[in-house]
Every structure is written in C-alpha cells, then in structure tokens.
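Student: what follows is a predicted protein model with its sequence.
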Amino acid sequence: MTITDSCTDTGTVSWNAEALDEILSNDGGRPVLFTNARILTTDPLIGALVGADILFVGPLIVGVGPGIVTAAGDDNAIVVDATGMTVVPAVMDTIALAGGRSSRSEYVATLAPGNTADFLVVPDELADDVPGAVAALLSRPEQVRALVAAGRPVLWAGTAV
C-alpha cells in the first residue's frame, strides 16, 4: 500500500503521517520503501537516480534504483511516496565531502545496498546537491520531510519523532 501526503484543514501538509505510524510500529521485519524520489547516492558506481526507490529492512539498505516499487507489494512493504523529494546520505565527513581527504569515498556514506539506512529526505528545491540538503537540515529543519537513522525515523515532517 502506498501512503501519500495528506493535508489538514489548516492547509499545512502532514507528510506521510500514516507511513510514519507504520514504520514506528514495525518490528524491523517489514521492508520500508521510499519511492519515486531523486536519490543522490554518492556512490560512484550508482550515481544520482531520478524517479528511483530506496528499500531498507531494519537498519540496512537492500536496494536502490528504479522500479523497486513493483516488487514491494509482494513483500508487504511499507511504501512511502517521495515524489518531489531528494534523498541523500545523512552521515558524512564534511571535510571529505569538500575534497579535503585523499579518498573521498572512504569518508562519505553512500546509499548503496549493504550500507546502513541513514538518510535525509528534503524537497527537491532545497537539495541541488548533497551539501544543499544537509544545509536544509541545519537551517530549515521544519522543511525536512524525514531524517532516518539506522532505518528508524528521528525527524519527520519537520518534527522530532
């Protein structure tokens, strides 16, 4: 089941509130899929993906790419519609990100299968790149849709979980 945005009578968006409830009540056994997002993996082999999905079970990413949503129903996944959102790694060494280390890939987390599901979800307009998305977290946390650490939401729709 795909869960999408819902608006309150005040006109504000409560971003995927049902999905948050399902994720929080999940014992870690059900997969969680954020779908139809722009994903900046920071992995040199995967790169940036548009209209893509990120699938995780418990704390680990098990899939990144387009079309994963087609199999999500078979696994009873919690599906979060992330249309208009950008997903970026949430754990990184800012010195490495700026090119201040000899091997950037060793110090910047990537959104690739086998890695920990630590990521940030922000509206596309706030995330031209990874540093822009991180800056949104620091300067506009109320506009962050989700901050997920080891597969568990810690910030959702701008509010601490």
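Tutor: Perfect, thanks for sending it.

Student: now do the helices in this structure.
Tutor: Here the chain has its helices, by DSSP state H, at 17-25, 69-72, 94-97, 130-139.

Student: counting by contacts, list what the first one packs against.
Tutor: When you say that, I think you mean helix 17-25. Judged by 3 or more Cβ pairs under 8 Å, 6 or more residues apart in numbering; DSSP states H and E, helix 17-25 is in contact with strand 2-3, strand 78-81, strand 152-156. C-betas here are computed from N, CA, C, even on glycine.

Student: among the ones you listed, which is the most enclosed?
Tutor: Among the helices and strands packed on helix 17-25, strand 78-81 has the highest mean neighbour count (mean count of other Cβ atoms under 10 Å), at a mean of 24.

Student: in its sheet, what does that strand sit against?
Tutor: strand 2-3 (parallel), strand 32-40 (parallel) (DSSP bridges).

Student: now the weakest link among the helices of the chain, please, by mean pLDDT.
Tutor: Of all the helices of the chain, mean pLDDT reaches its minimum on helix 94-97 (a mean of 68).

Student: what sits against residue 34?
Tutor: By Cβ atoms under 8 Å, 6 or more residues apart in numbering, the contact list for residue 34 reads 53, 54, 80, 82, 85, 87, 121, 146.

Student: same question but for residue 62, I mixed them up
Tutor: 31, 55, 56, 113.

Student: okay, now the unreliable bits of this protein?
Tutor: By pLDDT under 70, the low-scoring segments of the chain are 1-13, 72-74, 93-94, 96-97, 102-108.

Student: what about 50?
Tutor: 1-13 (pLDDT under 50).

Student: coming back round to it: dump the contacts of residue 62 into TSV; add neighbour count as well.
Tutor: Below are the contacts of residue 62 laid out as TSV (neighbours: other Cβ atoms under 10 Å):
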residue	neighbour count
31	20
55	24
56	26
113	16
